[in-house]
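> Turn this into a structure:
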Amino acid sequence: MSRNGPPAAAPKRARGKVRVVKSDQKRRGKPEPAQKRGAPPKRRGAHETPRPRATPDARRDPHARGVADPRLRNAHGERPERKPEPADPAPRLDSEARLRSQDPLRVGDWLWTMREGSERDVVEELMLAGKADPRGVGPALVASRAAPGKAGDRLELTFARQGFRVTGIARAPVLAELASELVSELSARLAGAETYALQVFVPDSTAGNLLSQRAQELLLLLTARLDAALPGAKRITDPERSLTSIPLVQVCLYAPDQAAAGIVPTDQALSLAQGGRARMRLSGDFPSRAARKLEEAFAWLGVSPGPGELCVDLGAAPGGWSWLLLERRARVIAIDPARMDAKLMQNRRLQHVQGSAFDFAPEETVDWLFCDMAWRPLEVAEMLARWARRRYTRLLVANFKLPMKRKAEMVQRLRSVLEEGGYASIRARQLYHDRDEITLTARVR
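Model prediction:
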């Protein structure tokens, strides 16, 4: 065959056609032919009733499909009965409306500070505690009519950094006038005090941090004027928890011309750091920033492992927590499938078990159990509860990663799991160096 010959003939089409009967068409779920354009609509017979249509809720809810629209009526003129929607077993807290509240701060309110973005968590936590009318009063600020717990007890809120009862609110455009109003209020309440501590801070928010310089100037004015008004009282700048409780004066500058003041005893305060911002500064070649979280936890607790105490570190790699424990000359068993920092492995007091924390069991009772695992919080809590039931440890310090929503409810569930496992004296706090997580401490009963 030559190259310039005629083209090959195209293959012939099959002559037969596949017939689809109408019954097969319906069985296969294919729609009927569309009605011709301009033709009058088909009329239903008198015996036919309108097909019930699904409501918008039913279209969204796959479990409610086939429910008739209640606006339609059947052949007898009656509305079809609609099935009730299942109740939410854990109804959402109405925190959004409380955060949008424009109710200003008042004398007698409790003022709570937190990181910006955690206002909803504090509001929901106060609502779960049964406290009346928690509401947002500004970025990183929440107010409530009461404080959790009994009067005289240490304040305990997971997502708040600091809290105090507002005894005075000063409003003045000039900083010197603002200081004068605050001094007249505070000097009357500090009359007779031998020692007190003074702190002036701003909310931990984008807008609040712009007032930091103004807060420092207000601190200098208050310091000089309170020293003159209270010549017999000793003022300290860095309070520490001790057996002797002293008044801790809190001044929150939440606007250029507005400040709230209150006094809380040091043994009842949420934090002794200014504004609850406990910044940890560590020296040395530590493997990760997680070491700062544990250092802040020790400052919050007021106690840490001593030399020779046996500690287990679950989820240890690369070794931030283990490094801090070794710095305190403790013995450490680090559990993690990943590798530890090479410098830590040279320490004789460190033993690395390269395996899963869920499968590990100690050969003897340990003094401290530490846990910082990026895993589902309830499963981690169940695992830690087994340690308490089997008396594997005496003390617990754990960091839990929380979901993006309903964090306050998750903290309650974690507490319940650990209490059922045998832990007591459970405390939880979102520390300054925590992100979307909390640090929880407890001891075995």
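
> use CA for all of it now, contacts and neighbours both
Fine.

> tell me the SS of E296?
The assignment at E296 comes out as helix when based on DSSP: H, G, I helix; E, B strand; the rest coil.

> Is it in contact with R277, as I believe?
No. Using Cα atoms under 8 Å, E296 is not in contact with R277, being 10.2 Å away.

> what residues are shared contacts of the two?
Common contacts of E296 and R277 (Cα atoms under 8 Å, 6 or more residues apart in numbering): Y432.

> next SSE after the lowest-mean-pLDDT helix or strand in the chain?
In the chain, the helix or strand scored least confidently by mean pLDDT, DSSP states H and E is helix 56-60, which has a mean of 42. Proceeding N to C from helix 56-60, the next assigned helix or strand is helix 95-99, under DSSP states H and E.

> Can I get that next one as CSV, trimmed to CA atoms?
Provided in CSV are the C-alpha atoms of helix 95-99 (Å, rounded to 0.1, in the frame of the first residue of the first chain):
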residue,chain,number,x,y,z
SER,A,95,-21.1,33.3,76.0
GLU,A,96,-21.3,35.2,72.7
ALA,A,97,-24.0,37.6,73.9
ARG,A,98,-22.2,38.2,77.2
LEU,A,99,-19.0,39.1,75.3
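
> Give the other helices and strands that it contacts.
Using 3 or more Cα pairs under 8 Å, 6 or more residues apart in numbering; DSSP states H and E, the elements in contact with helix 95-99 are helix 119-128, strand 135-138.

> which secondary structure element contains I263?
Here I263 is assigned to strand 258-265, by DSSP H and E.

> Would you indicate which residues of that strand are buried?
259-265 (16 or more other Cα atoms under 10 Å).

> Pick the one among those residues closest to S245.
P265 (6.0 Å; Cα to Cα).

> Surely that closest one is in contact with S242?
No. Judged on Cα under 8 Å, P265 makes no contact with S242 at a distance of 11.3 Å.

> list the contacts for C252?
200-203, 259-261.

> can you confirm it is in a strand?
Yes. Assessed with three-state DSSP, C252 lies in a strand.

> And the contacts of stretch 201-210?
Outside stretch 201-210, the residues touching it (Cα under 8 Å, 6+ apart) are 113-116, 139-141, 211-212, 215, 251-255, 274-275.

> Among those residues, which ones are in strands?
Residues of these located in strands (DSSP state E): 113, 141, 251-255.

> Which of those sits closest to M383?
T113 (32.8 Å).

> what's the burial count for that closest one?
27 (other Cα atoms under 10 Å).

> could you dump the buried residues of strand 258-265 to CSV with pLDDT and distance to S187?
Formatted as CSV, those follow (pLDDT from 0 to 100; distance: Cα to Cα, whole Å):
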residue, pLDDT, distance to S187
A259, 98, 16
A260, 98, 15
A261, 98, 12
G262, 97, 12
I263, 96, 11
V264, 95, 15
P265, 94, 16
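
> neighbouring strands for the strand or helix carrying L440, and are they parallel or not?
Element membership of L440 [criterion: DSSP H and E] is strand 437-444. Strand 437-444 pairs in its sheet with strand 393-401 (antiparallel), strand 423-429 (antiparallel), by DSSP bridges.

> To A269, which of those lies closest?
So among the strands paired with strand 437-444, strand 423-429 is nearest, using Cα to Cα, at 13.1 Å.

> Now the closest one: buried residues?
Buried residues in strand 423-429 (16+ other Cα under 10 Å): 423-424, 426-429.

> circling back to that earlier point, nearest to L344, out of the strands paired with strand 437-444?
Going by Cα to Cα, the one of those nearest L344 is strand 393-401, 21.1 Å.

> Quick one: residues in contact with the closest one.
Contact with strand 393-401 is made by 365-377, 387-388, 436-444, as judged by Cα under 8 Å, 6+ apart.

> quick one, helices of the protein?
Here the chain has its helices, by DSSP state H, at 22-27, 56-60, 95-99, 119-128, 175-189, 206-209, 212-229, 290-301, 320-327, 377-389, 407-421.

> ok, of the ones you listed, where does mean pLDDT dip lowest?
Among these, helix 56-60 carries the lowest mean pLDDT, a mean of 42.

> Run a quick neighbour tally on W375.
12.

> For beta bridges, what are the partners of the residue lying closest to it once chain neighbours are set aside?
In this structure, W375 finds its nearest non-sequential neighbour in K401, 7.2 Å apart by Cα to Cα, 6 or more residues apart in numbering. Under DSSP bridges, the beta-bridge partners of K401 are E437.

> and the gap between K401 and L414?
11 Å (Cα to Cα, to the nearest Å).

> okay, and the common contacts of the two?
By Cα under 8 Å, 6+ apart, the residues touching both K401 and L414 are P377.

> what is the spatially closest residue to Q199 that is not a sequence neighbour paired to in the beta sheet?
Spatial nearest neighbour of Q199, excluding adjacent residues (Cα to Cα, 6+ apart): Q250 at 5.3 Å. Bridge pairing for Q250 (DSSP bridges) gives the partners Q199, G262.

> so what's Q250 up against?
164, 198-200, 261-264.

> could those go into a markdown table alongside distance to W321?
Formatted as a markdown table, the contacts of Q250 follow (distance: Cα to Cα, whole Å):
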| residue | distance to W321 |
| --- | --- |
| F164 | 32 |
| L198 | 33 |
| Q199 | 31 |
| V200 | 32 |
| A261 | 37 |
| G262 | 36 |
| I263 | 35 |
| V264 | 33 |
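
> which among these gets closest to I236?
Nearest to I236 among the contacts of Q250, with distances taken as Cα to Cα, is L198, at 7.0 Å.

> looking at it, the closest one is touching R235, isn't it?
Yes. Using Cα under 8 Å, L198 is in contact with R235, at 7.2 Å.
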